[in-house]
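**Student:** A predicted structure for the sequence below; I have some questions about it.
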Amino acid sequence: MTEFSRRRFLQSAAAGALAAPALPFGTRTLRSPVAISSANGVKAVELAVQRMIEGWRPVDAAVAGVELVENDPNDDSVGLGGLPNEDGVVELDACVMDGPSGLGGAVGALQNIKNPAAVALKVMRHTDHVLLVGPGALRFAKMHGFPEENLLTEASRQKWLEWCEQRSAVDKRIAPEENGAEHGKEWFDKYKHKTGTIHLGAIAANGDVGSCTTTSGLAFKIPGRVGDSPLLGCGNYCDNDVGTGGSTGRGEAAILANGGAFVVHQMALGKSPTDACLEAVKRVVRLTKVKRLLDGKGRPNFQVHFYAANKDGKVGAAAMYASQYAVGDEGGGRLVDVAALYDEAPR
Ligand code: GLY
């Protein structure tokens, strides 16, 4: 080897070492597959774990789990019965990510199809794209045989109507209690940042990972608004060398903080899942500067949650304000308290 080529070899060896840092996880066999989700997913994590025990890939198990919630008309934050946009139309967002292949798929502002996570899986497996939105996403879903249906349930239509009647003091719609009564702060608080979503991270017994997030997004949003849930790196992310990360709550905050990818990166740097999520919440606090998003104490006046699971099967979650999340393993599903940055609700 000449001196020149030897130097080049040493340089590229050093660059290689930088490109592939030693990660804090070994390859090991877990006692049981593990799943983590938002609090609305106790049954979803149970099903995801069951599917992984049966040998399903984590991403497929995650989608099977969240479908229980997408199909539930009583969960008004996801799929069928999700709260609509300001025109009264339900628009759904979802994404999936598969650790072993490093691929992801997503759909945004999808109308009339109650299982957007399964459509996102088709985008991942049947296209060279990552994200399809609006009418293109609907056409793609129909090509793949997903049936169109009206997703606005009677209960969600009633809530939308109430919102329409309450939203403005100067239009001609009148809420019944408004005849003589003043608008209370209560309805404003109820709908100001009304979001809901399910994120589900899945770790198979061999350490492979997969993840999924699905939602109807912010209630009464401007048509076409897309939140964090279909954005890989924001509402959902996974890395097969590290684990999974995701978010629920105010999507705009999770987008601006790149929450999902940030959580996974924190774990790659050696943080526990809970600490990785707490770092993400603190990042949201640091990035939230405008007055309309702060309470009287200068704290963000909205909720946001981050969830994490690592390849060792450890899970954790954190939120701005006290809340819970769901964990599943061979023993079943259960709710656990998140690590909350603030004890008291915003004022
Ligand atoms: N995190 C759900 C949304 O904001 O759309």
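**Tutor:** Yep, that arrived.
**Student:** hang on, A137 packs against V107?
**Tutor:** Yes - counting by C-beta atoms under 8 Å, A137 does reach V107; the two are 4.3 Å apart. Bear in mind the C-beta positions are built from the backbone N, C-alpha and C, glycine included.
**Student:** Neighbour count: the two, which is higher?
**Tutor:** Neighbours around A137 and V107, counted as other C-beta atoms under 10 Å, are more numerous at V107. The numbers are 32 against 26.
**Student:** Assign that one to one of the three secondary structure states.
**Tutor:** Three-state secondary structure (criterion: DSSP: H, G, I helix; E, B strand; the rest coil) places V107 in strand.
**Student:** Against the ligand, how distant is it?
**Tutor:** 13 Å (C-beta to the nearest ligand atom, to the nearest Å).
**Student:** Let me see the contact set for that residue.
**Tutor:** 92-95, 116, 119-120, 123, 131-133, 137, 140-141, 230 (C-beta atoms under 8 Å, 6 or more residues apart in numbering).
**Student:** Quick check: neighbours shared by A137 and V107?
**Tutor:** Common neighbours of A137 and V107, using C-beta under 8 Å, 6+ apart, are V119.
**Student:** Now, the contacts of V107 that are in strands?
**Tutor:** Within these, residues falling in strands by DSSP state E are 92-95, 131-133.
**Student:** The residues you listed into TSV, with extra columns for neighbour count?
**Tutor:** TSV is the format used below for the ones in strands among the contacts of V107 (neighbours: other C-beta atoms under 10 Å):
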residue	neighbour count
L92	29
D93	33
A94	34
C95	34
L131	19
L132	24
V133	17
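**Student:** These into CSV, with extra columns for distance to the ligand and pLDDT?
**Tutor:** Formatted as CSV, those follow (distance: C-beta to the nearest ligand atom, whole Å; pLDDT from 0 to 100):
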residue, distance to the ligand, pLDDT
L92, 10, 98
D93, 6, 98
A94, 10, 98
C95, 11, 98
L131, 15, 98
L132, 17, 98
V133, 14, 98
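**Student:** Identify the farthest-apart pair in those residues.
**Tutor:** Spatial extent of these (C-beta to C-beta) is set by the pair L92 and L131 at 13.5 Å.
**Student:** Contacts only, for the residue lying closest to L278 once chain neighbours are set aside.
**Tutor:** The spatial neighbour of L278 that comes closest, neighbours along the chain excluded (C-beta to C-beta, 6 or more residues apart in numbering), is A318 at 4.4 Å. With contacts defined as C-beta under 8 Å, 6+ apart, the neighbours of A318 are 274, 277-278, 280-281, 305-306, 338-341.
**Student:** Check S77 too.
**Tutor:** By C-beta under 8 Å, 6+ apart, S77 lies in contact with 40, 83, 195-198, 215-216.
**Student:** For it, give its distance to the ligand.
**Tutor:** For S77, the distance to the ligand equals 8 Å [C-beta to the nearest ligand atom].
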